[in-house]
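**Q** Sequence plus the predicted model coming up.
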Amino acid sequence: APLKVTKVLCIGAGYVGGPTCAVIALKCPHITVTIADINKARIDAWNSLDFNLPIYEPGLEDVVRQCRGRNLFFSTDVVKGIKEADLIFVSVNTPTKKSGVGAGFAADLNYVELATRQIAEVATTSKIVVEKSTVPCRTAESMRTILEANSKPNCRFDILSNPEFLAEGTAISDLFNPDRVLIGSLQTTEGKDACASLAAIYANWVPKENILTVGLWSSELSKLAANAMLAQRISSVNALSAICEATGANIDEVAHAVGYDSRMGPKFLKASVGFGGSCFQKDILNLVYLSESLHLPEVASYWRQVVEMNEYQKRRFSKRVVDTLFNTITGKQITVLGFAFKADTGDTRESAAITLIRDFLSERAFVNVYDPKVEESQIWYDLAEACPTMTLDNIKKQVKIHKSALEASKNAEAVVIATEWKEFKEIDWAEVYKHMKKPAFVFDGRLLVDADALSKIGFKVATIGRPSI
Ligand code: UDX
Ligand code: UDX
Ligand code: ADP
């Protein structure tokens, strides 16, 4: 019969594990949830008295305030956590490998393996182990092999796959109200029991019909597939945006018309300067790598094209800036509004803004950056990584970080919108115009501002997916 879970451990207190398990604690007061991480600074932040949490998510602080110290605990003591738990989420990072076999494509599963080995080593009672990190297909099988090879008498491990579909910036509402919860298990009696134990946790707030139970492999592949197909929609619309710019069609109108087809649906059809974030590119590259290892080169190249189109979109946008500014931006002041990979997050992983600024720097422009949420130190870190041929000192000679959009755009020749922060829509653009060099240009990489209104003020406006006005 399914075990009734009362103690949950989450290994990894990051973007996925932190919010997910905090919400489990909120919705299941009868369950004690511990979130453990080897990164002490991160745990200290989760425990900070002023709730200065390590990640910014609307609504997260409120959840943590309600549960922390009640049935939600943050700790660096992974060993103690493992010993006490009935069910363990493995939610550690799985970055793209930087060297070795599959470098640039395959996920680095070292952290998953280390966490799994530690569970096997330390556990003295049976555990349900839940794979929560995004990992390529068949990782659960490796985890199972490691756990079984190291299990002790009276100590069995059941492995589940439970991919997380939350998006950053809306993590809490996505967790409160998920489209679906997906649980993969072996189709054995034990596997199905473990699946029922986890499903019972979610059933505390998710309607039963939204909890999907499938095989282990299907579950793992579904996560990669969902992200690849979402990214594919963006690349498709971005490919069309290039045609629009060249022909006078308007991508917003095209996307609207296409999305009205109920077979298509209106979401995720917003043309942009390129998708970013920790998941899309990584998951597609995982899918490419997986296809190649399965000797399916046509499948691999099909998915690779989604990432290539995204790179092209970013390149195309920075080229449009240079072309429009009379074919040179050397020595010119360019303002980049937004550094996060999308609005309502401080996360910058794979942000298009980084690529744009790198391109502007290689044209020897001066860049003025403003983002309402991203820390200064993060901007320097990302730019240093993106520009390996420049020293940080040289980067700092060309880049200035500002405290407001208005300040960042003083004396600039062009303002480039890289992130769709709502406050950029509400800027006093007439005031911005006054303080800029003329002709003053706005490049809208997010279909954010009213191009016609800006044009009336005097701006020259270039919007993604529309001819310049
Ligand atoms: C299509 C468009 O649906 C329609 O809007 C347009 O006006 C004309 O082209 P049609 O070609 O008649 O219509 O049929 P459709 O139902 O779209 O199917 C096209 C092909 O796709 C068929 O061979 C169908 O079997 C196949 N298909 C469709 C799949 O293989 N899988 C699916 O999920 C859907
Ligand atoms: C994504 C998936 O949405 C989520 O289900 C999965 O669990 C993790 O990956 P996330 O990366 O947080 O979530 O953000 P998302 O909202 O999907 O946006 C990804 C990127 O695509 C952003 O850079 C965003 O600006 C861009 N985007 C999104 C577009 O350019 N156009 C769109 O229409 C939608
Ligand atoms: P994600 O976006 O997938 O949540 P993050 O990088 O935000 O990824 O978080 C993963 C967290 O997992 C990091 O804080 C990292 O310190 C932690 N971590 C990695 N390996 C282990 C481990 N073996 N034990 C505990 N925590 C770990």
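**A** All right, it came through fine. Residues are numbered from 1 along each chain as shown. Ligands and ions are numbered 1, 2, ... in the order given.
**Q** CA atoms for contacts and neighbours, from now on please.
**A** Will do.
**Q** Ignoring the adjacent residues along the chain, who's closest to the closest residue to ligand 2 within the stretch 351-469 of the chain?
**A** Nearest residue of the stretch 351-469 of the chain to ligand 2: S351, at 6.6 Å (Cα to the nearest ligand atom). Using Cα to Cα, 6 or more residues apart in numbering and skipping residues adjacent in sequence, the residue nearest S351 is F341, 4.0 Å away.
**Q** if we can go back for a sec, contact partners for the residue of the stretch 351-469 of the chain closest to ligand 2?
**A** 275-277, 339-342 (Cα atoms under 8 Å, 6 or more residues apart in numbering).
**Q** quick one on the thing from earlier: what's the neighbour count on the residue nearest to S351?
**A** 25 (other Cα atoms under 10 Å).
**Q** how far away is it from ligand 2?
**A** The spacing between F341 and ligand 2, counted by Cα to the nearest ligand atom, to the nearest Å, is 5 Å.
**Q** Now that residue: which helix or strand?
**A** Using DSSP states H and E, F341 is not contained in any helix or strand.
**Q** Same question for H256.
**A** Per DSSP H and E: helix 251-259 holds H256.
**Q** so where do the helices sit in the stretch 1-150 of the chain?
**A** Taking DSSP state H, counting those that start in this stretch, the helices of the stretch 1-150 of the chain run over residues 17-27, 40-46, 60-67, 78-84, 110-122, 139-149.
**Q** no, scratch that, I was asking about the stretch 351-469 of the chain
**A** Taking DSSP H, counting those that start in this stretch, the helices of the stretch 351-469 of the chain run over residues 352-362, 376-386, 392-398, 405-409, 422-425, 429-434, 451-457.
**Q** Pull the residues that contact the last one.
**A** Read it as helix 451-457. By Cα under 8 Å, 6+ apart, helix 451-457 touches 429-430, 433, 460-463, 469.
**Q** try 10 Å this time
**A** 429-431, 433-434, 441-444, 458-463, 466, 468-469 (Cα atoms under 10 Å, 6 or more residues apart in numbering).
**Q** ok, now the fifth one?
**A** For helix 422-425, the external contacting residues (Cα under 10 Å, 6+ apart) are 337-338, 343-344, 371-372, 405-406, 417, 448-450.
**Q** before we move on, the earlier item: of the contacts of helix 451-457, grab the buried ones for PyMOL.
**A** The buried subset of these, as determined by 16 or more other Cα atoms under 10 Å, is captured in PyMOL by this line:
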select buried, resi 429+433+441+442+443+444+458+459+460+461+462+463+466+468
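**Q** hmm, back to that, tell me how far the residue nearest to S351 lies from ligand 3.
**A** From F341 to ligand 3 the distance is 14 Å (Cα to the nearest ligand atom).
**Q** just to revisit the earlier point, show me which of the contacts of helix 451-457 neighbour ligand 2.
**A** Among these, no residue lies close to ligand 2 (Cα under 6 Å from any ligand atom).
**Q** Just the contacts of helix 451-457: which are in strands?
**A** 441-444, 460-463 (DSSP state E).
**Q** Narrow the contacts of helix 422-425 to those in strands?
**A** Going by DSSP E, the strands hold 337, 417 from these.
**Q** After the helix or strand bottoming out on mean pLDDT in the chain, which helix or strand is next?
**A** Lowest on mean pLDDT, DSSP states H and E among the helices and strands of the chain sits helix 139-149, with a mean of 89. Sequence-wise, the next helix or strand downstream of helix 139-149 (DSSP H and E) is strand 157-161.
**Q** Not including adjacent chain positions, what is the nearest residue to the residue of the stretch 151-300 of the chain found nearest ligand 3?
**A** When distances are taken as Cα to the nearest ligand atom, the stretch 151-300 of the chain reaches nearest to ligand 3 at S278, 6.9 Å away. Nearest non-adjacent residue to S278, counting by Cα to Cα, 6+ apart: R349, 5.4 Å away.
**Q** what does S272 give?
**A** Excluding the flanking residues, the one nearest S272 by Cα to Cα, 6+ apart is R446, at 4.9 Å.
**Q** Can you report how many residues lie near the one you found?
**A** Neighbours of R446 (other Cα under 10 Å): 21.
**Q** which ones are touching it?
**A** Counted by Cα under 10 Å, 6+ apart, R446 has contacts 270-274, 342, 416-421, 463-465.
**Q** can you check S235 too?
**A** 229, 241, 269-272, 274-275, 305-313.
**Q** again with T125
**A** With Cα under 10 Å, 6+ apart, T125 has these contacts: 82-86, 151-157.
**Q** Adding neighbour count and distance to K27, write those residues out as TSV.
**A** Compiled in TSV, the contacts of T125 are given as follows (neighbours: other Cα atoms under 10 Å; distance: Cα to Cα, whole Å):
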residue	neighbour count	distance to K27
I82	27	22
K83	16	24
E84	18	21
A85	24	18
D86	19	18
S151	20	32
K152	16	33
P153	8	34
N154	8	31
C155	14	29
R156	18	28
F157	23	26
